[in-house]
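Student: no FASTA, just this:
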């Protein structure tokens, strides 16, 4: 984990934690969804606001940093996928170091404030993904499968759940980012500064640094998953604590 930096207002993360804690404690699903929406919108809007201040010279440019995220098995590849999609949503890059079928760690590259938000959200969502996957278990079909076979099938289903969860998180974060950018443009239409162009320029700086650090990086091979486990993971991702996507 990175150390807190001066580019991130700790009050933002504390307010996000508070909103999500309150969402978890309420019995009203409607209220919980509203709180989750507000928490994610707050994180996203904060990042856009900081980028716009940098672009207009009202704030010192956020430095690009690199930090390592360690993984533990099982499901290290799926954990890396989750980090990757969150990093992409916040204009960062994540490259995994593999050993056989496992991913040992990832190097996360991005502007310091974005990296901190990625780490925060990854930690939050990983717990939910693991808790959801732990509830998935294969059926023995009245003893047709041995205990060893059931355990192996359960591991495959849980890996699929983690992958499906990450896929849904990617879809939702992308929609929320687009919505927040459109809101920012509408609020600052008179300033004539395009949010999309500012964020693209910011991402280009990260991509350039990433290419310098990892000139020979390669994409990981895709893995096939059980449709049952994957769809269960997608459903889990839709229920995750970052707010129901209403921006389609």
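Tutor: Now that the structure is in, tell me what you want to look at. Since we're looking at a predicted model, the values are computed, not measured.

Student: okay, CA-based contacts and neighbour counts for the rest of this
Tutor: Noted.

Student: In terms of secondary structure, what does the longest helix along the chain contact?
Tutor: Criterion DSSP state H: the longest helix present in the chain is helix 147-187. Here helix 147-187 touches helix 29-55, helix 76-89, helix 112-134, helix 195-213, helix 227-239, going by 3 or more C-alpha pairs under 8 Å, 6 or more residues apart in numbering; DSSP states H and E.

Student: and among the ones you listed, the most buried is which?
Tutor: helix 76-89 (a mean of 23; mean count of other C-alpha atoms under 10 Å).

Student: What's the end-to-end length of stretch 95-114?
Tutor: 16 Å (C-alpha to C-alpha, to the nearest Å).

Student: For it, the averaged confidence score.
Tutor: In this model, stretch 95-114 has a mean pLDDT of 95.

Student: That one: which residues count as buried?
Tutor: The neighbour-count check on stretch 95-114 (16 or more other C-alpha atoms under 10 Å) flags 95-96, 102-114 as buried.

Student: So which of these sit within helices?
Tutor: 112-114.

Student: so where's the chain uncertain?
Tutor: Flagging of the chain using pLDDT under 70 yields the residue ranges 1-9, 33, 36-37, 189-192, 241-248.

Student: Tell me which residues touch the spatially most central residue of it, please.
Tutor: Geometric centre of the chain, nearest residue: residue 86, 2.4 Å, by C-alpha atoms, centre = their mean. Contacts for residue 86 (C-alpha atoms under 8 Å, 6 or more residues apart in numbering) come out as 118, 121-122, 169-170, 173.

Student: can we see that at 10 Å?
Tutor: Applying C-alpha atoms under 10 Å, 6 or more residues apart in numbering to residue 86 gives the contacts 80, 92-94, 117-119, 121-122, 125, 166, 169-170, 173-174.

Student: what does residue 82 give?
Tutor: 76, 122, 125-126, 129, 162-170.

Student: do residue 109 as well
Tutor: Contacts of residue 109 (C-alpha under 10 Å, 6+ apart): 64-68, 87, 91-95, 115, 206-207, 209-210, 213.

Student: Check the gap between it and residue 218 for me.
Tutor: Applying C-alpha to C-alpha to residue 109 and residue 218 gives a distance of 16 Å.

Student: quick revisit: just flag the most distant two among the buried residues of stretch 95-114.
Tutor: 102 and 113 (28.7 Å; C-alpha to C-alpha).
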